[in-house]
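Undergrad: using only what follows, build the 3D model:
(2 chains)
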Protein chains: 2
Amino acid sequence: MKRIQLSHGGGGQEMNQLINRLFFRHLGNDILLRTEDAAVLECNGSVAMTTDSFTVSPLFFAGGNIGKLAVAGTVNDLAMMGAEPQYLSCSFIIEEGLLLDELEQIVKSMAEELTVSGARIVCGDTKVVPKGCADGLFINTTGIGHIRQPGISARNVCPGDAILISRDIGCHGACLLSARESLRLSSPLQSDCATLWPVIHACIEQNIPIHSLRDATRGGISAVLNEWCEASKVQLSLDEEAIPVSDHVRGVCELFGFDPYDLANEGTFVMAVPTDAADAALAVLKAFSGQAAIVGRAEAATPNKVILNSPWGSRRYLDLPGGELLPRIC
Amino acid sequence: MKRIQLSHGGGGQEMNQLINRLFFRHLGNDILLRTEDAAVLECNGSVAMTTDSFTVSPLFFAGGNIGKLAVAGTVNDLAMMGAEPQYLSCSFIIEEGLLLDELEQIVKSMAEELTVSGARIVCGDTKVVPKGCADGLFINTTGIGHIRQPGISARNVCPGDAILISRDIGCHGACLLSARESLRLSSPLQSDCATLWPVIHACIEQNIPIHSLRDATRGGISAVLNEWCEASKVQLSLDEEAIPVSDHVRGVCELFGFDPYDLANEGTFVMAVPTDAADAALAVLKAFSGQAAIVGRAEAATPNKVILNSPWGSRRYLDLPGGELLPRIC
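TA: Numbers count the residues shown, from 1 in each chain, chains lettered A, B, ... in the order given. Okay, here's the model as predicted:
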């Protein structure tokens, strides 16, 4: 079993071989293969730019691996701005000793996931650090893409807007938690890790007047919704029963004392649209996931907080999560 | 002494505080402070894009630190394509336990270094990994900027071109090597870590017809020149005596058995220009460093290799460095 050595990051022959035989073979395209200090792109108009470093542990999990996640995660941040994911950079920090086969599997997953949005990796970087100085592999992806629907913003939630969720929440966080606690075998839980550009593209094509859009990654829907309240100065009133949570996720949450609203997602988003566009938006979302739902509405009331309405008529604040959440979920 | 905790990367309150009180305070600008999933930029024309992850050890070294390096390194890769550095992303992977004071010092250095080129950090990401899963701090920066002088390429070295070096070589590698071997106190060696946009900008303003340009980072000038030979199908004939190497770097090389041509630089570049522009180019370079020199020429001869001509009339190939070069120099 061949493993990554320090010389694979030294800037010499071995690094050239790794780049040519592994990275270029799977990720190659005419821009990347020019191998200059920087890629040259043609851009005209408003462009979105976003970055994410992925440190997920374990590297492989049910429903994906760090490579799939690194592509989907950055592509999704572009999509959430109404931008078409086009160009990605990709930087690997590899711990000495990583199996070359594992790295290849990860790179293959990246190539596969790129086909979903049509984005391309146009520049890259490889660093190898001595054993013990990193944990297997970290990947940074930074993406840019032209904005196809301008004006989407966390500041644009308006009183009266309907709040939609694209599918059942918490799968990624619950899946990682189970994997680490070795509940792997007993659970059919899969991460929701997925590229969201196709569904967002469909919404844009259908002229859905999206006000706000955010994938609910670290901090889960709690973090997104609280951010919207603060940025848009609205109160969000949610119907707790309408929020889709699978029984498996609910079970993991009960076992470990987590709240599904705080759990990370990697292919699930929250959307705010004017009430009269809510049904049309839901129809598009339902075509991609039967679990999509309208879960609440924005109101002009104060305080600018998220309120959960239980089926029994009680109300509570959904606060920004605090303390040590599950680390290294992305 | 306050330290980074896992909760600083959790996506909740503590992370928000870290971002607002540290990153935004020093790096804030109107684009970054919009805090959407992605920054929105206006781009029109040819844009260069480049990425680099920095894993340098130690985090602080004579002449800089990982923050200064992370800004200069990515800005330089843009400058080497004739692009004006404009927008940078910045992603931190922080090991739990890092001193907040150290992190702040690093972030301050980034802010300072950005002023040299005028580039801005427009989006970012923060991850915290448990103690033992990273070595202090890794930083990824990815940059984009409009190309001000198109056509610069490793493929454009032409027979007859003069080869210039911007200053004495090997300082960064020698400095890091000394720091790790605890020769720190006995040596005045400083890293050459610096933003190169001002000197490249001056060359563009002076209409220097640059054919090729590359900062000699990992693998040193050996790596750059060998790449040029292969990409441009030329032979490079260098006058060994003309290549500027300081006595300190030479001393470190003799002590540890390194070749100064293989040592990393972080603010030193190699340039190819037509012979009749060589003096004008040298004049611009000399205004920034008295050590700048014309060191050789490109020839149509085969093999397409780098040839070092010694002052005694002997000739040898300068090969691409191989094996375990000094790890984690950038």
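Undergrad: tell me which residues in the host helix or strand of residue A:254 are buried?
TA: Following DSSP states H and E, one finds residue A:254 within helix A:247-256. Buried positions in helix A:247-256, judged by neighbour count with 16 or more other C-beta atoms under 10 Å in any protein chain shown: A:248, A:249, A:252, A:253. Backbone N, C-alpha and C define where each C-beta goes, glycine included.
Undergrad: can you tell me if it touches chain B.
TA: No - applying C-beta under 8 Å from any C-beta of the partner chain, one finds helix A:247-256 separated from chain B by no less than 15.2 Å.
Undergrad: what's downstream of that helix, the next helix or strand?
TA: strand A:269-273.
Undergrad: quick one: contacts of the following helix or strand past that next one?
TA: Where DSSP H and E defines the elements, the next helix or strand beyond strand A:269-273 is helix A:278-288. Contact partners of helix A:278-288, identified using C-beta atoms under 8 Å, 6 or more residues apart in numbering or on different chains, comprise A:162, A:164, A:166-167, A:198-199, A:202-203, A:206, A:208, A:210, A:271, A:273, A:292-294.
Undergrad: the same query, at a cut-off of 10 Å, please.
TA: Residues outside helix A:278-288 that contact it (C-beta atoms under 10 Å, 6 or more residues apart in numbering or on different chains) are A:161-167, A:194, A:196, A:198-210, A:269, A:271-274, A:291-294, A:297.
Undergrad: from those, keep the buried residues only.
TA: Buried among the contacts of helix A:278-288 (16+ other C-beta under 10 Å): A:161-167, A:194, A:196, A:199-201, A:203-204, A:208, A:210, A:269, A:271-273, A:291-294, A:297.
Undergrad: of those, which ones also sit close to chain B?
TA: By C-beta under 10 Å from any C-beta of the partner chain, the members of the buried ones among the contacts of helix A:278-288 lying near chain B are residue A:269.
Undergrad: in strands, which of the buried ones among the contacts of helix A:278-288 appear?
TA: Of the buried ones among the contacts of helix A:278-288, the ones assigned to strands by DSSP state E are A:162, A:163, A:164, A:165, A:269, A:271, A:272, A:273, A:293, A:294, A:297.
Undergrad: quick one, helices of chain A?
TA: Ranges of helices in chain A, per DSSP state H, are A:13-18, A:24-27, A:66-79, A:100-117, A:171-180, A:197-205, A:220-232, A:247-256, A:278-288.
Undergrad: phi, psi for the nearest residue to residue A:328 once chain neighbours are set aside please.
TA: Spatially, and ignoring its direct neighbours in sequence, residue A:328 is nearest to residue A:57 (4.4 Å; C-beta to C-beta, 6 or more residues apart in numbering or on different chains). Taking degrees, to the nearest 10, you get phi -140, psi 130 for the backbone angles of residue A:57.
Undergrad: now the closest residue to residue A:296 other than its chain neighbours: how far from residue A:275?
TA: In this structure, residue A:296 finds its nearest non-sequential neighbour in residue A:238, 3.6 Å apart by C-beta to C-beta, 6+ apart. Per C-beta to C-beta, to the nearest Å, residue A:238 is found 15 Å from residue A:275.
Undergrad: pick out whichever of those two has more residues nearby.
TA: residue A:238 (20 against 13; other C-beta atoms under 10 Å in any protein chain shown).
Undergrad: so the residue nearest to residue A:296 touches residue A:221, yeah?
TA: Yes - between residue A:238 and residue A:221 there is a contact at 8.8 Å, judged by C-beta atoms under 10 Å.
Undergrad: now do the shared contacts for the two.
TA: Counting by C-beta under 10 Å, 6+ apart, the residues touching both residue A:238 and residue A:221 are A:163, A:165, A:261, A:295, A:306, A:318.
Undergrad: domain ranges for chain A?
TA: A:6-146, A:162-317 (automatic domain parsing).
Undergrad: ok so, going back, quick one: which of the buried residues of helix A:247-256 is nearest residue B:180?
TA: Closest approach between these and residue B:180, by C-beta to C-beta: residue A:252, at 45.1 Å.
Undergrad: nearest residue to that closest one other than its sequence neighbours?
TA: Per C-beta to C-beta, 6+ apart, closest to residue A:252 is residue A:174, 4.2 Å.
Undergrad: before we move on, what about residue A:299?
TA: residue A:235 (4.7 Å).
Undergrad: now residue A:209
TA: residue A:277 is the one closest to residue A:209 (C-beta to C-beta, 6+ apart), at 5.4 Å.
Undergrad: equivalent analysis for residue A:217, please.
TA: residue A:264 (5.5 Å).
Undergrad: got the angle for the helix holding residue A:254 vs helix A:171-180?
TA: Relative orientation of helix A:247-256 versus helix A:171-180 (axes from the mean of the first three to the mean of the last three C-alpha atoms, to 10 degrees): 60 degrees.
Undergrad: contacts for helix A:247-256?
TA: So helix A:247-256 is in contact with A:168-175, A:177-178, A:181, A:183, A:187-190, A:192, A:245-246, A:258-263, A:326, going by C-beta under 10 Å, 6+ apart.
Undergrad: just the CA trace of it, in PDB.
TA: Extracted C-alpha coordinates of helix A:247-256, given in PDB (Å, rounded to 0.1, in the frame of the first residue of the first chain):
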ATOM      1  CA  ASP A 247     -36.900   9.300  12.900                       C
ATOM      2  CA  HIS A 248     -33.200   8.300  12.700                       C
ATOM      3  CA  VAL A 249     -32.000  11.800  13.300                       C
ATOM      4  CA  ARG A 250     -34.500  12.300  16.100                       C
ATOM      5  CA  GLY A 251     -33.200   9.000  17.600                       C
ATOM      6  CA  VAL A 252     -29.500  10.100  17.500                       C
ATOM      7  CA  CYS A 253     -30.500  13.500  19.000                       C
ATOM      8  CA  GLU A 254     -32.200  11.900  21.900                       C
ATOM      9  CA  LEU A 255     -29.300   9.500  22.500                       C
ATOM     10  CA  PHE A 256     -26.700  12.300  22.600                       C
END
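Undergrad: so which bits of stretch A:307-324 are buried?
TA: Quick answer for stretch A:307-324 (16+ other C-beta under 10 Å): A:307, A:308, A:309, A:318, A:320, A:321.
Undergrad: tell me the two of those that are most distant?
TA: Once C-beta to C-beta is applied, the buried residues of stretch A:307-324 give A:309 and A:321 as the farthest pair, at 19.7 Å.
Undergrad: before we move on, back to that, okay, now the residue nearest to residue A:217: neighbour count?
TA: Neighbour tally, residue A:264, other C-beta under 10 Å: 30.
Undergrad: need the residues that contact the lowest-mean-pLDDT helix or strand in chain A.
TA: The helix or strand of chain A with the lowest confidence, counting by mean pLDDT, DSSP states H and E, is helix A:13-18 at a mean of 88. For helix A:13-18, the surrounding residues in contact (C-beta under 10 Å, 6+ apart) are A:4-10, A:24, A:35, A:92, A:94, A:100, A:103, A:126-128, B:218-219, B:223, B:226-227, B:230, B:319-325.
Undergrad: what residues of it count as buried?
TA: Neighbour-count burial for helix A:13-18 flags A:13, A:14, A:15, A:16, A:18 (criterion: 16+ other C-beta under 10 Å).
Undergrad: report the distance from that helix to the chain centre.
TA: Its chain's C-alpha centre and that of helix A:13-18 lie 31 Å apart, by C-alpha atoms, centre = their mean, to the nearest Å.
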